[in-house]
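**Q** Show me how the following folds:
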Amino acid sequence: MNLENVQLPYKVIGVAVIWNQEGKILIDRRLPQGAMGGLWEFPGGKIEPGETVEECIHREIWEELGIKIEVGEHLLTIDHTYTHLRVSLTVHHCLHLEGVPQPLECDEVRWVNLDELDRFTFPQANTQIIDVIQKNGIWKNIS
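**A** Below is the predicted model:
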């Protein structure tokens, strides 16, 4: 079998960099089972047919964490190929509005400072998100 001709599954994912009023970012740890289990990530999920990125982010954050957010400006889009999957991550700054984050579909949630992000193990595609937000500092639209 020629591996160059194998089509990897492809997912378009809306990703939230959620800031709170104290300038901390919300991260969650993936459940231990499954691909990339136990790694930390910025919350989000697969965009459903007919759904905008913003609608996806709102829905996923509610389903996974039980909180309400404001989806803000687009931060970056990352196309990345893992050995088992191709992804396009469309990343937006978001503001936490209400609710206490709960690990409804993940193992753990945590508010962290920008300089703490390097202490956590993220999937490879997430390193570009970390680089950009550490370079730019706290999102300017936290009110």
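**Q** Provide a list of residues in contact with the residue nearest the centre of the chain.
**A** Nearest to the geometric centre of the chain sits residue 42, at 2.8 Å (C-alpha atoms, centre = their mean). Applying C-beta atoms under 8 Å, 6 or more residues apart in numbering to residue 42 gives the contacts 15, 16, 17, 18, 25, 26, 27, 91, 126, 129. Heads up, the C-betas are built off the backbone N, CA and C, glycines and all.
**Q** go on, residue 16?
**A** Here residue 16 is in contact with 26, 42, 43, 44, 57, 60, 61, 69, 71, 91, 92, 94 (C-beta under 8 Å, 6+ apart).
**Q** confidence score at residue 143?
**A** Reported pLDDT at residue 143 in the predicted model: 57.
**Q** again but with residue 2, I slipped
**A** 50.
**Q** do the same with residue 5
**A** pLDDT, residue 5: 53.
**Q** try the one 10 residues further on
**A** With respect to pLDDT, residue 15 has a value of 98.
**Q** Residue 88: helix or strand, and which one exactly?
**A** Following DSSP states H and E, the helix or strand that holds residue 88 is strand 86-98.
**Q** same question, residue 129
**A** helix 126-136.
**Q** Can you point out the buried residues in that helix?
**A** Within helix 126-136, the residues scored as buried using 16 or more other C-beta atoms under 10 Å are 126, 129, 130, 133.
**Q** What of stretch 102-119?
**A** Judged by neighbour count (16+ other C-beta under 10 Å), stretch 102-119 contains these buried residues: 106, 109, 111, 114, 117.
**Q** Max pairwise distance over those residues: which two?
**A** Using C-beta to C-beta, the buried residues of stretch 102-119 span at most 20.9 Å, a distance reached by 106 and 114.
**Q** Looking at the protein, which helix is longest?
**A** helix 53-65 (DSSP state H).
**Q** now could you export just the CA positions of that helix as PDB?
**A** Below are the C-alpha coordinates for helix 53-65, written out as PDB (Å, rounded to 0.1, in the frame of the first residue of the first chain):
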ATOM      1  CA  VAL A  53     -17.200  29.300  13.500                       C
ATOM      2  CA  GLU A  54     -18.700  31.700  16.100                       C
ATOM      3  CA  GLU A  55     -21.800  29.500  16.600                       C
ATOM      4  CA  CYS A  56     -19.600  26.400  16.900                       C
ATOM      5  CA  ILE A  57     -17.500  28.000  19.600                       C
ATOM      6  CA  HIS A  58     -20.500  29.200  21.600                       C
ATOM      7  CA  ARG A  59     -22.100  25.700  21.400                       C
ATOM      8  CA  GLU A  60     -19.000  23.800  22.200                       C
ATOM      9  CA  ILE A  61     -18.000  25.900  25.200                       C
ATOM     10  CA  TRP A  62     -21.600  25.500  26.600                       C
ATOM     11  CA  GLU A  63     -21.600  21.700  26.000                       C
ATOM     12  CA  GLU A  64     -18.100  21.100  27.200                       C
ATOM     13  CA  LEU A  65     -17.700  23.600  30.100                       C
END
